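**Student:** sequence plus the predicted model coming up.
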Amino acid sequence: MRPAVLHAGYRLTIPVREALEHAGNIVRPAVAQYPGDRAGIPYWDIELSCPIPVVVCRIINTSDIALRLAIEPRYPGEILAAWWERGEWLPCPRCGAATLWDEAGRVPGARCCVKGHRVQVNSRGTRITREGA
Ligand SMILES: [Zn+2]
(Lines give C-alpha, C1' and ligand atoms only; values in the text may rest on other atoms or scores of the structure.)
Protein backbone atom coordinates (compact mmCIF):
# COMPACT_ATOMS: atom_id res chain seq x y z
CA MET A 1 0.00 0.00 0.00
CA ARG A 2 1.23 3.49 -0.82
CA PRO A 3 1.97 5.80 2.10
CA ALA A 4 -0.91 8.15 2.81
CA VAL A 5 -1.78 11.18 4.92
CA LEU A 6 -5.04 11.03 6.90
CA HIS A 7 -7.40 13.98 6.55
CA ALA A 8 -10.29 13.51 8.95
CA GLY A 9 -13.81 14.89 9.10
CA TYR A 10 -14.26 16.55 5.73
CA ARG A 11 -17.43 17.31 3.83
CA LEU A 12 -17.21 16.17 0.20
CA THR A 13 -19.30 16.39 -2.91
CA ILE A 14 -20.01 13.09 -4.65
CA PRO A 15 -17.76 14.02 -7.63
CA VAL A 16 -14.86 14.75 -5.23
CA ARG A 17 -15.33 11.41 -3.51
CA GLU A 18 -15.40 9.62 -6.86
CA ALA A 19 -12.34 11.50 -8.15
CA LEU A 20 -10.39 10.80 -4.94
CA GLU A 21 -11.19 7.09 -5.12
CA HIS A 22 -10.45 6.94 -8.84
CA ALA A 23 -6.99 8.39 -8.12
CA GLY A 24 -6.35 5.60 -5.61
CA ASN A 25 -7.14 7.36 -2.35
CA ILE A 26 -9.28 5.74 0.36
CA VAL A 27 -12.45 7.54 1.47
CA ARG A 28 -14.48 6.28 4.43
CA PRO A 29 -17.30 7.61 6.60
CA ALA A 30 -15.71 9.60 9.44
CA VAL A 31 -14.90 7.68 12.60
CA ALA A 32 -15.43 10.68 14.90
CA GLN A 33 -18.76 12.42 15.29
CA TYR A 34 -19.11 15.95 13.93
CA PRO A 35 -21.82 18.50 14.72
CA GLY A 36 -23.35 18.26 11.27
CA ASP A 37 -23.84 14.51 11.70
CA ARG A 38 -27.01 15.31 13.61
CA ALA A 39 -28.23 17.41 10.68
CA GLY A 40 -27.74 14.54 8.26
CA ILE A 41 -24.52 15.92 6.78
CA PRO A 42 -22.05 13.10 6.16
CA TYR A 43 -18.37 13.58 7.05
CA TRP A 44 -15.51 11.61 5.56
CA ASP A 45 -12.01 10.51 6.48
CA ILE A 46 -9.57 10.47 3.58
CA GLU A 47 -6.33 8.51 3.34
CA LEU A 48 -4.66 10.77 0.80
CA SER A 49 -1.86 9.23 -1.24
CA CYS A 50 -2.51 10.89 -4.63
CA PRO A 51 -3.79 14.47 -4.26
CA ILE A 52 -6.20 15.72 -6.91
CA PRO A 53 -7.11 19.33 -7.74
CA VAL A 54 -9.88 20.39 -5.33
CA VAL A 55 -11.29 23.60 -3.91
CA VAL A 56 -10.74 23.57 -0.13
CA CYS A 57 -13.25 25.74 1.70
CA ARG A 58 -14.68 26.54 5.09
CA ILE A 59 -18.39 26.82 5.77
CA ILE A 60 -19.22 29.93 7.77
CA ASN A 61 -20.87 29.51 11.19
CA THR A 62 -19.54 25.94 11.38
CA SER A 63 -16.12 24.37 11.88
CA ASP A 64 -16.55 22.38 8.67
CA ILE A 65 -13.93 22.02 5.98
CA ALA A 66 -15.41 21.04 2.65
CA LEU A 67 -14.01 19.94 -0.69
CA ARG A 68 -15.51 20.41 -4.13
CA LEU A 69 -14.32 20.41 -7.72
CA ALA A 70 -13.70 23.83 -9.29
CA ILE A 71 -16.48 23.21 -11.81
CA GLU A 72 -19.07 22.49 -9.09
CA PRO A 73 -21.33 25.11 -7.49
CA ARG A 74 -20.22 26.70 -4.25
CA TYR A 75 -21.46 25.33 -0.92
CA PRO A 76 -23.96 27.60 0.86
CA GLY A 77 -21.89 29.82 3.17
CA GLU A 78 -18.62 28.83 1.54
CA ILE A 79 -15.44 30.85 2.02
CA LEU A 80 -11.96 29.93 0.86
CA ALA A 81 -10.00 27.96 3.47
CA ALA A 82 -6.77 29.33 4.94
CA TRP A 83 -3.68 29.02 2.79
CA TRP A 84 -2.19 26.27 4.96
CA GLU A 85 -5.42 24.27 4.74
CA ARG A 86 -5.40 24.53 0.96
CA GLY A 87 -1.68 23.75 0.80
CA GLU A 88 -2.29 20.36 2.42
CA TRP A 89 -4.00 19.20 -0.76
CA LEU A 90 -1.23 20.08 -3.21
CA PRO A 91 0.81 17.17 -4.57
CA CYS A 92 4.58 16.93 -4.28
CA PRO A 93 6.00 18.55 -7.44
CA ARG A 94 8.64 15.81 -7.71
CA CYS A 95 6.56 12.65 -7.27
CA GLY A 96 2.88 13.63 -6.93
CA ALA A 97 2.53 12.18 -3.42
CA ALA A 98 0.71 13.74 -0.47
CA THR A 99 2.68 16.10 1.78
CA LEU A 100 2.98 16.57 5.53
CA TRP A 101 3.47 19.66 7.68
CA ASP A 102 7.22 20.12 8.25
CA GLU A 103 7.64 23.63 9.63
CA ALA A 104 9.34 22.84 12.95
CA GLY A 105 12.52 24.92 12.86
CA ARG A 106 11.79 25.90 9.28
CA VAL A 107 9.84 28.56 7.41
CA PRO A 108 6.02 28.67 7.18
CA GLY A 109 4.81 26.50 4.33
CA ALA A 110 7.62 23.95 4.63
CA ARG A 111 6.31 20.48 3.85
CA CYS A 112 7.75 17.05 3.27
CA CYS A 113 6.10 14.53 0.99
CA VAL A 114 5.51 10.99 2.20
CA LYS A 115 8.47 9.86 0.09
CA GLY A 116 10.82 12.37 1.76
CA HIS A 117 11.04 15.23 -0.74
CA ARG A 118 11.26 18.63 0.93
CA VAL A 119 8.89 21.15 -0.65
CA GLN A 120 7.49 24.63 -0.02
CA VAL A 121 3.86 25.83 -0.20
CA ASN A 122 3.51 29.49 -1.19
CA SER A 123 1.82 31.98 1.15
CA ARG A 124 -1.47 31.78 -0.77
CA GLY A 125 -1.68 27.97 -0.63
CA THR A 126 -1.95 27.83 -4.40
CA ARG A 127 1.43 26.47 -5.44
CA ILE A 128 3.99 24.02 -4.14
CA THR A 129 7.60 23.96 -5.27
CA ARG A 130 10.72 21.92 -4.65
CA GLU A 131 12.73 23.34 -1.80
CA GLY A 132 15.13 25.96 -3.13
CA ALA A 133 13.23 26.28 -6.42
ZN1 LIG B 1 7.74 13.66 -3.37
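**Tutor:** Happy to help now that I have it.

**Student:** spatially central residue for the chain, please.
**Tutor:** Nearest to the geometric centre of the chain sits Trp89, at 3.6 Å (C-alpha atoms, centre = their mean).

**Student:** in this structure, which segments are predicted with low confidence?
**Tutor:** Filtered on pLDDT under 70, the chain yields the residue ranges 1, 132-133.

**Student:** and with 90 instead?
**Tutor:** Residues of the chain that meet the criterion pLDDT under 90 lie in 1-3, 31-41, 102-107, 125, 131-133.

**Student:** those strands in it, which residues are they?
**Tutor:** 5-12, 26-29, 44-48, 55-59, 65-68, 78-80, 99-101, 110-113, 118-121, 128-130 (DSSP state E).

**Student:** is stretch 110-126 anywhere near the ion?
**Tutor:** Yes: Stretch 110-126 is in contact with the ion by C-beta under 5 Å from the ion, via Cys113, Lys115, His117. Every residue, glycine included, has its C-beta placed from N, CA and C.

**Student:** and which of those residues is nearest Pro35?
**Tutor:** The nearest member of the residues of stretch 110-126 next to the ion to Pro35, counting by C-beta to C-beta, is Cys113 at 32.4 Å.

**Student:** and the closest residue to the closest one other than its chain neighbours, how many residues sit next to it?
**Tutor:** Residue nearest to Cys113 in three dimensions, not counting chain neighbours: Cys92, with 3.5 Å by C-beta to C-beta, 6 or more residues apart in numbering. Number of residues near Cys92 (other C-beta atoms under 10 Å) recorded here: 21.
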